[in-house]
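S.K.: just a sequence and a predicted model for now, questions to come.
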Amino acid sequence: MTEEKKKKSVDLASMALIDKASSDQVNLVFDRAEEMKPCPIGLVGSCCSNCGMGPCRVPLPRGKEETPEEKRKRRGICGATAETIAARNFARKIAGGAAAHSDHGRAVAELFLAAAKGEAPGYEIRDEQKLLQLALEWGVEIGNRSNSEIATQIGEKALGEFGRQEGELLFLRRAPLKRQELWRKLGVAPRGIDREIVEIMHRTHAGVDQDYRNLLQQGSRAALADGWGGSMIATELQDILFGTPAPVLSQVNLGVLKEDEVNIIIHGHEPLLSEMIVATAQDPQMVELAKAKGASGINLAGICCTANEILMRHGVPLAGNFLQQELALVTGAVDAMVVDVQCIMESLPDIAQCYHTKIITTSPKDKIGGAMHIEFNERNAILSAKEIVKVAIENFPKRGSNISIPKEKTDLIAGFSHETINYLLGGLFRASYRPLNDNIINGRIRGVAGVVGCNNARTTHNEGHIAMVKELIKNDVLVIQTGCSAMASATAGLMVPEAAAEYAGEGLASVCEAVGIPPVLHLGSCVDNSRILMAATAMVKDGGLGDDISDLPVAGAAPEWMSEKAISIGQYFVASGVFTIFGVNWPTTGSTEVTQFLFKDFEEMYGGMWAFEPDPLLAAKLMIEHIDKKRKALGIDKARERVLYDMTMRRELE
Ligand code: NFS
C-alpha cells in the first residue's frame, strides 16, 4: 500500500477533525507526513552525523549482492563501518529515551525530597504503606521516625541513583536472581543512571567504540538503567506522593471535551504540576470564576502520558493520544493546553492561532516559540496552577463559532497498578499472582503480552494497536498496556469488563468474568512500563513458570512506535528476557550484522530478543508463537491443548 492511500486514522472522531482541519486550512502532522518522505538512508541507520566531516551515508547496495571488497569500502570518512554507524545510531536512540524517562524520574525525586522536607506546600505522602515498604527494601530505618524523616532519606537515596558511580542500581535487586546474575556476567548491570547515558554519548563520539557488539551492550546497560532505574524511581515515588492507582472508571476520546465548560487539556509527561491543576480546577473559587465568565464549569482532559497519570489516580478523562494533540485544538473548544515535557508538537502554537487556544509551556526545559510560558515552581505549585487555570477561564469567552466537538467517547477502566493486579487476582487476604500463574498453567490464559508505545504518522493512527490487541485476546493472551497504545485500545472499547465476552477467547474470558476485569489492563504511562517489569518478576517469584523472566510465556510489542523512549523501553524489555516486536520501521536494517545481533544473538545472550513486523496481525502471530514455545519449554503446552479440546467438544455438542 502506498503512503498516500493509507488511511490516516481508524478513529471516527479523529477522521472528522482531520476533515475539519483541511477545511480550516490547518496543516497537520498527517499532512506533513505525506509531504515529507523519510530519508531512506537515515531511516535504516546508515547515516552518521556525529562529526564535522559528514554526514556520511553508507547504505546497502540496492538490488544486488555486495562483494566483500565493496563491503570493506562501505565506510564513513573516519573509517567507521556501516555496522558501527548503525549501532551508534541505535545506542544514541537508547540514550535519548533513557535520558527522557530518567530526567522525569529525577524531577519526581527532587519534588519528593522537597515535599518530605516540607518545602513543597500542597504535596504530601499519600501512600504510607508503599513508603514503608520501600524503606524496608532500601534499608532505611523506620523505628520511631516520622514519615517526613523516612521520606527524606528515601528521596536522597533515589537522587543518589542518578549520580552513582560504582556498584549497582538498588532496584536491580528486585529482578529474579538468575536475571541479576546474567546481567553481571554480561557486564550490563547499570552502575548509575546518568553514568550509563553519558557513557553512550562518549562511546558513540567519533573514533571511540568501534565494535557494534560492545556498543549495543552499553545500549542494554543504559536501557536497564531506564527500566530498573529512572522509570522505576518515577513510578514508585509518584505512587508514594500521589497515591498508588486503583481501578477507576473514566472515558476516552475527543468527545470528552465539553461545549459549555472551560476546557483545559494537560499534555506531556510529568504529573507534578498536573496533580495541582486537578486540585485547582475543583477549587470552588475557580469554578465561580468560570461561571462568571459564562461557563458552567471547568473540564479537564489529558493527552499523552500526563493524561495516563491523572487518569490512573483521579479518573480525569483522556482526550487522546499522541496523534490527537493537534486535533484537540481543531475542535475550537480548547481554552488552554498546558504542556510540560516530551511528545509535544512544535506546531501547536501555530495551529492554536487559527482558533483561540492558549498554549502554555511550564517547564524551563521545554519552551516553544509562540507559546505562553508560566513556569511551574514546585515551591509554590498551587500559585502556578491557579495562574494557569485563570488564563484558561479568561480565554473561554474568546471562543469563536467554529467549534466542533466529536460525539465519540468510550468508557474505560484504568488504574491497574502492579499492586492492584496482585490484590484483584489474589483477594485482600492472599494478594498474589498465584491465580494468574495457575490460569496460565492450566491453559485458560495462554500468556501475557505487554503492548505499549506511541502513534506514528507513517502508519494509520491506532490501527496497529487495536488490531494486534484484539488478535491477542482472541487467542487467550491477557494484554497489559501503557502509554498511547493503552489509549488506542480504550477508544476501541477493549478496556471494560464486557469486552471479555465480546472479544476474548473462551479461556481468557472465563477468567476475566470470574475476577471482573477487562481482558486488556491499563497499567499507566510509559514510565509505568516498570510496572510490567514488576508484574513479570512477580509471576516468576510466584512459581510454576520457570525461574527467570525469559522462561515466562510473555511477549512485548510497540506496533506504532516513534520515540526514542520506545527504543529504550524495547531494549530493557529484551535485556530483561522478553521477546519484543516493533512495527512501522526498523532503524538498523542498514546493517545486516547489527540487525542479526539484536534479533538472533540477543536471544542466546538474554533469552529475549528484538523482532520487526509491520503487519500487526502477523506480529501478534509471532508473539503467540513465542508464547507457545515458552509453554512447551515449561511443559504446560498439553494443559492448553486439553482446554482447547474441551471447547471443540462443547461446540460439537451444541
Ligand atoms: Ni510513550 Fe508517553 Fe505516547 Fe510514545 Fe509519547 S506519550 S512516554 S513516547 S507518543 S507512548
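M.R.: In hand now; what should we look at?

S.K.: who in the stretch 501-650 of the chain is up against the ligand?
M.R.: Contact residues, the stretch 501-650 of the chain versus the ligand (Cβ under 6 Å from any ligand atom): S525, C526, S563, K565, A566. Using the backbone N, CA and C atoms, a C-beta is placed for each residue, glycine as well.

S.K.: swap the cut-off to 8 Å and go again
M.R.: Residues of the stretch 501-650 of the chain that fall close to the ligand, judged by Cβ under 8 Å from any ligand atom: S525, C526, V527, W561, M562, S563, K565, A566, I569.

S.K.: residues contacting the first one?
M.R.: To tie it back to what came earlier, the one meant is S525. H269, C305, T306, N308, E309, M312, T482, G483 (Cβ atoms under 8 Å, 6 or more residues apart in numbering).

S.K.: helix/strand/coil for the closest residue to it other than its chain neighbours?
M.R.: Nearest residue to S525, sequence neighbours excluded (Cβ to Cβ, 6 or more residues apart in numbering): C305, at 3.6 Å. Three-state assignment for C305 (DSSP: H, G, I helix; E, B strand; the rest coil): helix.

S.K.: and the gap between C305 and the ligand?
M.R.: Per Cβ to the nearest ligand atom, to the nearest Å, C305 is found 3 Å from the ligand.

S.K.: swap in R145?
M.R.: 35 Å.

S.K.: one more: I374?
M.R.: From I374 over to the ligand (counting by Cβ to the nearest ligand atom), the distance is 22 Å.

S.K.: thought S363 was touching that residue, still the case?
M.R.: No: if you go by Cβ atoms under 8 Å, I374 and S363 don't touch, sitting 10.4 Å apart.

S.K.: for E275, which non-adjacent residue is spatially closest?
M.R.: F242 (5.5 Å).

S.K.: go on, S220?
M.R.: Counting by Cβ to Cβ, 6+ apart, S220 lies nearest to A575, which is 4.1 Å off, once chain neighbours are set aside.

S.K.: contact partners for the one you found?
M.R.: Contacts of A575 (Cβ under 8 Å, 6+ apart): W183, V188, S220, A223, L224, Y606, G608.

S.K.: what do you get for L216?
M.R.: Shown in contact with L216 (Cβ under 8 Å, 6+ apart): A87, F90, A91, V594, F597, L598.

S.K.: show me which of these is closest to the ligand.
M.R.: Nearest to the ligand, judged by Cβ to the nearest ligand atom, of the contacts of L216 is F90 at 17.0 Å.

S.K.: leaving out the residues flanking it, which one is nearest to the closest one?
M.R.: Per Cβ to Cβ, 6+ apart, closest to F90 is T588, 5.4 Å.

S.K.: other residues contacting stretch 618-626?
M.R.: Residues outside stretch 618-626 that contact it (Cβ under 8 Å, 6+ apart) are 446-447, 449, 467-468, 471-472, 475, 477, 555, 557, 559, 579, 581, 583, 611, 613.

S.K.: so which of the residues you listed sit within helices?
M.R.: A467, M468, E471, L472 (DSSP state H).

S.K.: these, buried ones only, as a PyMOL selection?
M.R.: In PyMOL syntax, the buried subset of these is picked out as below (16 or more other Cβ atoms under 10 Å):
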select buried, resi 467+468+471+472
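
S.K.: would you list the phi and psi of the residue lying closest to P587 once chain neighbours are set aside?
M.R.: Spatial nearest neighbour of P587, chain neighbours left out: G45 (4.9 Å); criterion: Cβ to Cβ, 6+ apart. Per-residue torsions, G45: phi 80, psi 20 (degrees, to the nearest 10).

S.K.: strands of the stretch 351-500 of the chain, residue ranges please.
M.R.: For the stretch 351-500 of the chain, the strands defined by DSSP state E, counting those that start in this stretch cover 358-361, 372-373, 410-414, 447-451, 477-482.

S.K.: make JSON lines out of those strands and add mean neighbour count and mean pLDDT.
M.R.: JSON lines is the format used below for the strands of the stretch 351-500 of the chain (neighbours: other Cβ atoms under 10 Å; pLDDT from 0 to 100):
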{"stretch": "strand 358-361", "mean neighbour count": "23", "mean pLDDT": "98"}
{"stretch": "strand 372-373", "mean neighbour count": "14", "mean pLDDT": "97"}
{"stretch": "strand 410-414", "mean neighbour count": "22", "mean pLDDT": "97"}
{"stretch": "strand 447-451", "mean neighbour count": "27", "mean pLDDT": "98"}
{"stretch": "strand 477-482", "mean neighbour count": "27", "mean pLDDT": "97"}
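
S.K.: need those strands in TSV (columns: distance to R173).
M.R.: Listed next are those as TSV, based on distance: least, Cβ to Cβ, whole Å:
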stretch	distance to R173
strand 358-361	38
strand 372-373	41
strand 410-414	29
strand 447-451	22
strand 477-482	23
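
S.K.: buried stuff in stretch 632-641?
M.R.: Buried residues in stretch 632-641 (16+ other Cβ under 10 Å): L634, I636, D637, A639, R640.

S.K.: mean confidence score for that stretch?
M.R.: For stretch 632-641, the mean pLDDT works out to 88.

S.K.: point out where the stretch 351-500 of the chain drops to low pLDDT.
M.R.: Applying pLDDT under 70 to the stretch 351-500 of the chain flags residues 426-431.

S.K.: can you pull the residues of it lying near the ligand?
M.R.: Contact residues (Cβ under 8 Å from any ligand atom) of the stretch 351-500 of the chain with the ligand: V452, G453, C454, N455, T482, G483, C484, S485.

S.K.: which of the strands of the stretch 351-500 of the chain sits closest to A279?
M.R.: Proximity to A279 (Cβ to Cβ) singles out strand 358-361 among the strands of the stretch 351-500 of the chain, at 17.3 Å.

S.K.: hmm, who's touching the closest one?
M.R.: 335-340, 348-349, 352, 367-368, 370-374, 388, 391-392, 395.

S.K.: go again using 6 Å as the cut-off
M.R.: With contacts defined as Cβ atoms under 6 Å, 6 or more residues apart in numbering, strand 358-361 is touched by 336-339, 348-349, 352, 367-368, 371-374, 388, 391, 395.

S.K.: and the two most separated of the residues you listed?
M.R.: Longest span within those, Cβ to Cβ: K367 and N395, 20.0 Å.

S.K.: just want to know which of the two has more residues nearby.
M.R.: Counted by other Cβ atoms under 10 Å, K367 and N395 do not tie: N395 has more neighbours, with 19 against 11.

S.K.: was I right to think that one contacts V334?
M.R.: No: assessed by Cβ atoms under 6 Å, N395 is found out of contact with V334, at 9.4 Å.

S.K.: show me what the lengthiest helix in the chain is packed against.
M.R.: Assignment by DSSP H gives helix 82-116 as the longest helix of the chain. Packing partners of helix 82-116 (3 or more Cβ pairs under 6 Å, 6 or more residues apart in numbering; DSSP states H and E): helix 147-163, helix 193-203, helix 212-225, helix 231-242, helix 564-575, helix 592-596.

S.K.: now these as JSON lines including mean pLDDT and distance to L254?
M.R.: Below are the helices and strands packed on helix 82-116 laid out as JSON lines (pLDDT from 0 to 100; distance: least, Cβ to Cβ, whole Å):
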{"stretch": "helix 147-163", "mean pLDDT": "98", "distance to L254": "37"}
{"stretch": "helix 193-203", "mean pLDDT": "98", "distance to L254": "36"}
{"stretch": "helix 212-225", "mean pLDDT": "98", "distance to L254": "34"}
{"stretch": "helix 231-242", "mean pLDDT": "97", "distance to L254": "26"}
{"stretch": "helix 564-575", "mean pLDDT": "98", "distance to L254": "24"}
{"stretch": "helix 592-596", "mean pLDDT": "96", "distance to L254": "38"}
